[in-house]
Structure formats: C-alpha cells, structure tokens
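A.B. asks: 3D, please:
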Amino acid sequence: MKIVSISKSKKKGTPKVAIDESVLIADHGLEDDAHAGKWHRQVSFLASESIEKARDRGLDVGFGDFAENIATEGIDWQNIPVGTLIQLGKSALVEITQIGKECHNKCAIYYKAGDCIMPREGIFARVLKGGKIRCGETVQIVDEPPHVECAS
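C.D. replies: Numbering: from 1, shown residues only. Just a heads-up that it's a prediction; the model follows:
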C-alpha cells in the first residue's frame, strides 16, 4: 500500500495539480490546499484503482482530476471504517472521518471529467500528526475501531 499521487488546488470545486511531495499540517490538512482548515474533511483520499476504472469507462482523467489530495495503490478505501488511523510515510498520521460525500451541484470537475467519483468512492480524514509525505511512500493502517455487533 503506497501513495501514488499527491495533489492540491487553490480553489474548491476544481481539479487539483499533482506534486511529488508536500507537508501535512496537524489539525489543518495539506499545506496550501483549498480544502485544508479546521474541519473534519482536511484531506481526501481516492484509490488509484478507482481512477483507472474511470479511464476504462472512457473518461479522460488523471491524478487530481477528481479533487483528491492523495491517491493510493492497494487500499479499498470504501471498506475502511470511520475512526481508522492511517500512517502516511514516516510520520504523518490521519484519522478517517467520512466515507463519501453528498454532491450538491455539478462542479468544474464533473464537467471536465464527465463524472465525479469522489462522492461515491472518496474518503476524508483529519490530520492528527503532521509530516512530510512523498509519492512512493507507504500507507499503513495503524488502528481500526472495534467492530460492534448489534443486539437482536
């Protein structure tokens, strides 16, 4: 499991520009990214496999086109529960806070790509511990919340 792309943008609702490395700032997000701030969706993740599936459906898309901050390889984000702790690179630590999102209107991403998979396949996190991250570095699940069975 590894980071294959890091992307940021100056404005929300627009595709992001891919970069080789960046800094995650505790309780803020990706340095100089429009989505960073004191809220629960400081950093967004999308599986590179999801981007590849969009390409296979004929969409002309690449890393950052769905406004994801970090694209990864080898992680099925849709099955990672809220509350899971994830280490990125050597020192950064995030907590998963939301799976998917509601898309209220069609933004520039939808019109450029022809679809937006972030509401269905993206996940969001807040930064617990900052640090520098680079493409190619590992992504590690540190802790998962306990599974609770419902009483019948």
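
A.B. asks: gap between the residue lying closest to Arg55 once chain neighbours are set aside and Ser91?
C.D. replies: Nearest residue to Arg55, sequence neighbours excluded (C-beta to C-beta, 6 or more residues apart in numbering): Val61, at 6.2 Å. C-beta: built from backbone N, CA, C; applies to glycine. Applying C-beta to C-beta, to the nearest Å, the value for Val61 to Ser91 is 31 Å.

A.B. asks: same question, Arg120
C.D. replies: Remark: distance between Arg120 and Ser91 (C-beta to C-beta) = 31 Å.

A.B. asks: ok, now Phe45?
C.D. replies: Distance from Phe45 to Ser91, by C-beta to C-beta: 18 Å.

A.B. asks: same deal with Leu30?
C.D. replies: Distance from Leu30 to Ser91, by C-beta to C-beta: 15 Å.

A.B. asks: now the longest helix along the chain: buried residues?
C.D. replies: Under DSSP state H, the helix in the chain containing the largest number of residues is helix 48-56. Using 16 or more other C-beta atoms under 10 Å as the test for burial, helix 48-56 gives 48-51, 54.

A.B. asks: which SSE is immediately downstream of that helix?
C.D. replies: On the C-terminal side of helix 48-56, the nearest following helix or strand under DSSP states H and E is strand 70-73.

A.B. asks: how about that following strand: buried residues?
C.D. replies: Result for strand 70-73 [16+ other C-beta under 10 Å]: buried residues 70-72.

A.B. asks: middle-most residue in the protein, spatially?
C.D. replies: Phe45 (1.3 Å; C-alpha atoms, centre = their mean).

A.B. asks: for this protein, what spans make up the strands?
C.D. replies: 2-8, 17-19, 21-25, 29-30, 43-47, 70-73, 85-88, 92-99, 123-129, 131-134, 139-143 (DSSP state E).
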